[in-house]
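Asker: following is a predicted model, sequence given first.
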Amino acid sequence: MKSNFQTDLKYVDSDSISCSGDGLKESHPLIYLDLSSGGIAICPYCSAKFKKKV
């Protein structure tokens, strides 16, 4: 099954988000991603995509 970039986005309310993996892949260290610029932040470990709600 193909992945869809828009449906894979996780929308959040804050300017930062923590990520420690999605539970399906190997876990990775807890990291914080900055969303204050309004763009999309992609976790360098698990490729999870986050965007701040408008």
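Answerer: Arrived safely.

Asker: where along this structure do the strands fall?
Answerer: Taking DSSP state E as the criterion, the chain carries its strands at 9-12, 16-19, 31-34, 40-42, 49-52.

Asker: which of the ones you listed sits most buried?
Answerer: Compared across those, strand 49-52 shows the largest average neighbour count, a mean of 18 (mean count of other C-beta atoms under 10 Å). All C-beta atoms are positioned from the backbone trio N, CA, C, and that covers glycine.

Asker: ok, residues contacting it?
Answerer: By C-beta atoms under 8 Å, 6 or more residues apart in numbering, the residues outside strand 49-52 that reach it are 5, 8-15, 17, 19, 33, 35-36, 38-43.

Asker: ditto for stretch 13-30
Answerer: 10, 31-36, 41, 43, 45-46, 48, 50, 52-53.

Asker: run the last query once more with 10 Å
Answerer: 10, 31-38, 41-48, 50-53 (C-beta atoms under 10 Å, 6 or more residues apart in numbering).

Asker: now the end-to-end length of that stretch.
Answerer: Using C-alpha to C-alpha, to the nearest Å, the end-to-end distance of stretch 13-30 comes out at 19 Å.

Asker: off-centre distance for it?
Answerer: Chain-centre distance of stretch 13-30: 7 Å, with C-alpha atoms, centre = their mean, to the nearest Å.

Asker: only the buried residues of it, if you could.
Answerer: Within stretch 13-30, the residues that qualify as buried are 17, 19, 21, counting by 16 or more other C-beta atoms under 10 Å.

Asker: what would these look like in CSV with distance to residue 27?
Answerer: Below are the buried residues of stretch 13-30 laid out as CSV (distance: C-beta to C-beta, whole Å):
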residue, distance to residue 27
17, 17
19, 11
21, 4
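
Asker: where does pLDDT dip in this protein?
Answerer: 1-7, 22-26 (pLDDT under 70).

Asker: how about a cut-off of 80?
Answerer: Applying pLDDT under 80 to the chain flags residues 1-7, 21-27.

Asker: what sits against residue 54?
Answerer: Going by C-beta under 10 Å, 6+ apart, residue 54 touches 11, 38.

Asker: where's it relative to residue 45, distance?
Answerer: 27 Å (C-beta to C-beta, to the nearest Å).
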